[in-house]
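Trainee: My questions are about this predicted structure, shown below with the sequence.
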Amino acid sequence: MTRLSGVTPSGHAHLGNYLGAIRRWAREGGPGDLYFVSDLHGMTISYNPSRLRKLARESLAVLLAAGIDQERVFVQSDLVREVGALTWLLECTCSYGEAARMTQFKQKAEGQGMVRLGLLTYPVLMAADILLQNATEVPVGQDQTQHVELARSLARRFNSTYGEVFTVPRAVMAPTAARLMDLSDPTRKMSKSTQDNAGVVFVLDDPDLVRRKITRAVTDTEDRLEYRPSSQPGLANLLEILAACVGRSPAEVADDFSGYGELKTAVADAVIEELRPLRTRALELIDDQHTLDKIREAGAERARERGAHTLTAALRMAGVG
Ligand code: TYM
């Protein structure tokens, strides 16, 4: 089995990225797995190049600090030739309608002055990341499952049109925290690119700030402390966070509390403890440029080598290269 997944350095990694994805990559990762920083994906909306580079380093440090083996990480742009080439093959396998249907494209395109073509084709680049490495499982949060479905369709279509080359991957989701919501607006997904950061806990936030953000989380007017995501989304989100930290179900943890104050203190304590070792290690790594560079270089070489055969075979079958 090969698991593969990535995080885009379009902002600082947040608690949703960590509990919904990165923590699982570290815990469940096997020797054949690959996890990467998808910096090319950070170019699909307006961005600052030096900030992107800095955030890519930070994200690599976060993956390592979370406990992912250094032999399993890489940075996507180090494979730009390989994924770029495969993206082209897959763009010529994908219909415009399929790409334009993607929910995330529609959401992100709204309100953008200039909609970059890369924003439309980004799920195809994601399919290239996955198919290049013959991934069997793609552990992601809920918002990425539609993109993994597209990768499945493209793999199947390419295989049946040109010959069997690609492994057909499947998305796997965390049982809890697969979609954490913004603490100040629990109807909105917790996101790196939200303008107002008050409801987004970043994994490198200092403990006092984490506590402040959680204490100020919007809850609901009802008093009943039960896990009911549709009628009490703010409460449900806090319960999900706590449940993910302590390894229980949200409905179960709800039974331990009789008031919001008490619950928020428990959530803040659990999150701070969960993030403490990650934060310490990540900050050390960010300061250690030499170590990060070496890990990045070795990772790039390994991932490139691993994908070379599939890329050559796919090009040949498609009648080029
Ligand atoms: P990205 O950087 O948006 O998110 C990284 C991972 O975190 C999950 N996630 C969440 N989980 C729970 N609650 C949330 N609020 C939340 N927000 C994000 C995401 O589902 C994801 O698993 N396109 C991808 C990166 C990527 C990729 C790939 C993933 C590039 N190529 C190939 C898998 C396979 C992205 O931007 O994720």
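Mentor: That came in fine, so what should we check first? Residues are numbered from 1 along each chain as shown.

Trainee: Provide a complete list of residue ranges assigned to helices in the stretch 101-250 of the chain.
Mentor: Secondary structure of the stretch 101-250 of the chain (DSSP state H, counting those that start in this stretch): helices at 103-109, 117-132, 145-162, 207-215, 233-246, 250-254.

Trainee: quick one, what contacts the residue in the stretch 51-200 of the chain that the ligand sits nearest to?
Mentor: Closest approach between the stretch 51-200 of the chain and the ligand, counting by Cβ to the nearest ligand atom: residue 141, at 2.5 Å. Yep, even glycine has a C-beta here, placed from its N, CA and C like the rest. Neighbour list for residue 141: 16-17, 20-21, 173-174, 177-179 [criterion: Cβ atoms under 8 Å, 6 or more residues apart in numbering].

Trainee: at 7 Å what do you get?
Mentor: Residue 141 is in contact with 16, 20-21, 178-179, counting by Cβ atoms under 7 Å, 6 or more residues apart in numbering.

Trainee: ok, for it, nearest residue in space, not its chain neighbours?
Mentor: Leaving aside its chain neighbours, residue 141 sits nearest to residue 20 (3.7 Å; criterion: Cβ to Cβ, 6 or more residues apart in numbering).

Trainee: neighbours around that neighbour, how many?
Mentor: 26 (other Cβ atoms under 10 Å).

Trainee: want to throw the helices of the stretch 101-250 of the chain into CSV with distance to the ligand?
Mentor: Output for those, formatted as CSV (distance: least, Cβ to the nearest ligand atom, whole Å):
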stretch, distance to the ligand
helix 103-109, 8
helix 117-132, 4
helix 145-162, 6
helix 207-215, 14
helix 233-246, 9
helix 250-254, 14
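
Trainee: and those helices as CSV, adding mean neighbour count?
Mentor: CSV is the format used below for the helices of the stretch 101-250 of the chain (neighbours: other Cβ atoms under 10 Å):
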stretch, mean neighbour count
helix 103-109, 14
helix 117-132, 24
helix 145-162, 18
helix 207-215, 17
helix 233-246, 24
helix 250-254, 19
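
Trainee: which residues sit in contact with the residue nearest to residue 141?
Mentor: With contact set as Cβ under 7 Å, 6+ apart, residue 20 has these partners: 141, 174, 177-180.

Trainee: Show the contacting residues for the closest residue to residue 194 other than its chain neighbours.
Mentor: Closest residue in space to residue 194, ignoring its immediate chain neighbours: residue 200 at 5.7 Å, by Cβ to Cβ, 6+ apart. By Cβ under 7 Å, 6+ apart, residue 200 lies in contact with 14, 182, 190, 194.

Trainee: what do you get for residue 133?
Mentor: Counting by Cβ under 7 Å, 6+ apart, residue 133 touches 2, 4, 34, 303, 306-307.

Trainee: Return the closest of the contacts of residue 20 with respect to residue 45.
Mentor: residue 141 (19.0 Å; Cβ to Cβ).

Trainee: For that closest one, give me the pLDDT.
Mentor: If you check residue 141, the pLDDT there is 94.

Trainee: For it, what are phi and psi?
Mentor: Main-chain torsions, residue 141, degrees, to the nearest 10: phi -80, psi 170.

Trainee: tell me which parts of this protein are close to the ligand?
Mentor: By the rule Cβ under 6 Å from any ligand atom, the part of the chain lying against the ligand is 4-8, 16-17, 20-21, 38, 41, 126, 129-130, 138, 140-141, 143-144, 177-180, 189-190.

Trainee: so residue 109 makes contact with residue 118?
Mentor: No - using Cβ atoms under 7 Å as the test, residue 109 is too far from residue 118 to be in contact (11.4 Å).

Trainee: Leaving out the residues flanking it, which one is nearest to residue 280?
Mentor: residue 65 (7.9 Å).

Trainee: wait, the one you found sits on residue 285?
Mentor: Yes - Residue 65 lies in contact with residue 285 (Cβ under 7 Å); the separation is 6.0 Å.

Trainee: So which of the two has more stuff around it?
Mentor: It is residue 65, of residue 65 and residue 285, that has more neighbours when counted by other Cβ under 10 Å, with 23 against 20.

Trainee: Now do the contacts for that one.
Mentor: Residues in contact with residue 65 (Cβ under 7 Å, 6+ apart) are 278, 281-282, 285.

Trainee: Give me the buried entries from those residues.
Mentor: Buried members of the contacts of residue 65, scored by 16 or more other Cβ atoms under 10 Å, are 278, 281-282, 285.
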